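Participant: Predicted model, plus sequence, below.
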Amino acid sequence: MKLLHCGDLHLDSALSANLEGEKKKQRKSELLSTFVRMAEYAAEQEVQAVLIAGDLFDGSSVTKRTQNMVKETVLRFPFVDFLYLKGNHDEECFLDHWEDRPENLKFFGTDWTYYRYDNVVIAGAEFTGENAEQLYDSLVLNRNDCNVVMLHGQTEKYRSRERAETVALGALKNKNIDYLALGHIHSYRYESLDTRGAYCYCGCPEGRGFDECGPKGFVLLEIEDDRVNHHFVPFALREVHEIPVDISGAETTLAVEQRVREALEKVSEKDLVKVTLTGKVSLMAERDLPYLTGRFASRFFAFKIGDKDVGIAVSPEEYENDISLRGEFIRLVMQGNYTEEEKRMLLELGIRALCGEEVESCF
């Protein structure tokens, strides 16, 4: 028997943080396309059930187009069950009120719901602020079955910036769980739960922002002789990268451009890329970020570059006996109670101003 464990698709996500215009529209369509492609993959692989471990949607405002695509996809594959467990982003939506809802679309409630496929049992429950404590005690699984449990939330080890219920892994140990299918964390994670089973975050199928870097996809489960074998399947149309580039010693914008070009040589042009410049440079080093953005923006689907991690290669001791205005300024800044980024910006602005250059504040 095969199962497909996915989650955190966030269909109809705004995507406004990193994209705009036509590219934002295109990327929203790609997230929807990945849901359809995933269902097609499940059918081709003869998967019996697709386990959606929360956050299928990004909120209650779901467009008519997305509603129709999701409905038609479920109807298109009547021999594949879609087991949908709501997450913290999934509010009451159109699927709850779907008249003549097909039998292959199944839900979970706030108490444990169990679905049996021969000797394989899939149990799931939606976390609320009220039911979290009692859920662990009320979970009952037969030790002779192969048991898959679905939950959406964070653990003490894997947490996100968004609020979600905490999955108490300790309370789920020795409950006859063979595979704990989790959603909410957007990167693939797989670890032992106890001597019998394991827990797994499938991650999200597509990265939406630069906090979701690396391979994205879902997990394919193959159950044979009560043994659950899992395999992470990279499936994203585009990968998101955040790439540090050390520009130490690069004193001109063209020298920085060459460092960036070398670092991005093997990155696919279809991907989303954020370059973070690092290292230390002299006070008079030049970095024209708008120019660099223009040089690379057309090469990738999305491109950003930042230099907040670049430091100044200067020591206050070098200017200890410098009685010039520049020396006094450098000493004041380097000895001041500023962060490294603030020192860098102050020194860059101040030295350029002292040299008679026109400067713009970067604060």
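Facilitator: Yep, it's here.
Participant: Please make it C-alpha for all contacts and neighbour counts, starting now.
Facilitator: OK.
Participant: How far off centre is stretch 263-279?
Facilitator: Remark: stretch 263-279 is offset 17 Å from the chain centroid, using C-alpha atoms, centre = their mean, to the nearest Å.
Participant: same question, stretch 174-190
Facilitator: Chain-centre distance of stretch 174-190: 17 Å, with C-alpha atoms, centre = their mean.
Participant: Could you do stretch 94-105 as well?
Facilitator: From the chain centre to the centre of stretch 94-105 is a distance of 29 Å (C-alpha atoms, centre = their mean).
Participant: go on, stretch 146-163?
Facilitator: Averaging C-alpha positions (C-alpha atoms, centre = their mean) puts stretch 146-163 14 Å from its chain's average.
Participant: So for it, mean pLDDT?
Facilitator: Over the span of stretch 146-163, the pLDDT mean works out to 86.
Participant: and if you look at stretch 109-124?
Facilitator: For stretch 109-124, mean pLDDT is 96.
Participant: Pull out the buried positions in it.
Facilitator: In terms of neighbour count (16 or more other C-alpha atoms under 10 Å), stretch 109-124 has its buried residues at 110-114, 120-124.
Participant: Which parts of the chain are helices?
Facilitator: Counting by DSSP state H, the chain has helices at residues 21-44, 64-76, 132-138, 169-172, 253-263, 289-297, 325-335, 340-354.
Participant: Same list, the ones you listed, but as CSV with mean pLDDT, distance to E99 and mean neighbour count please.
Facilitator: Output for the helices of the chain, formatted as CSV (pLDDT from 0 to 100; distance: least, C-alpha to C-alpha, whole Å; neighbours: other C-alpha atoms under 10 Å):
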stretch, mean pLDDT, distance to E99, mean neighbour count
helix 21-44, 96, 22, 16
helix 64-76, 95, 11, 14
helix 132-138, 87, 30, 14
helix 169-172, 94, 36, 14
helix 253-263, 98, 53, 16
helix 289-297, 96, 46, 15
helix 325-335, 80, 68, 16
helix 340-354, 75, 57, 18
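Participant: and the ones you listed as TSV, adding distance to E212?
Facilitator: Listed next are these as TSV, based on distance: least, C-alpha to C-alpha, whole Å:
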stretch	distance to E212
helix 21-44	14
helix 64-76	23
helix 132-138	28
helix 169-172	24
helix 253-263	20
helix 289-297	20
helix 325-335	36
helix 340-354	25
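Participant: And the contacts of stretch 206-219?
Facilitator: With contact meaning C-alpha atoms under 8 Å, 6 or more residues apart in numbering, stretch 206-219 is reached by 4-7, 9, 15, 17-18, 31, 34, 186-188, 202-205, 230-242, 273-274.
Participant: Please indicate which of the residues you listed are buried?
Facilitator: 4-7, 9, 31, 34, 186-188, 202-205, 230, 232, 235-242, 273-274.
Participant: Across the sheet, point out what pairs with L51.
Facilitator: Assessed by DSSP bridges, L51 has beta-bridge partners H5, L83.
Participant: Next, the contact list for it, please.
Facilitator: By C-alpha under 8 Å, 6+ apart, L51 lies in contact with 3-7, 82-85, 150.
Participant: From T113, how far off is the closest residue to K86 other than its chain neighbours?
Facilitator: Among residues not flanking K86 along the chain, G54 sits closest, at 4.5 Å (C-alpha to C-alpha, 6 or more residues apart in numbering). According to C-alpha to C-alpha, to the nearest Å, G54 stands 15 Å off from T113.
Participant: residues in contact with E269?
Facilitator: Applying C-alpha under 8 Å, 6+ apart, the residues near E269 are 299-301.
Participant: Top of those by number of neighbours, please.
Facilitator: Within the contacts of E269, most neighbours by other C-alpha atoms under 10 Å means F301, with 18 neighbours.
Participant: In this model S268 seems to touch it, though I could be wrong.
Facilitator: No. Look at F301 against S268 with C-alpha atoms under 8 Å: they stay out of range, at 9.5 Å.
Participant: wait, what's in contact with N144?
Facilitator: Listed by C-alpha under 8 Å, 6+ apart, the contact set of N144 is empty.
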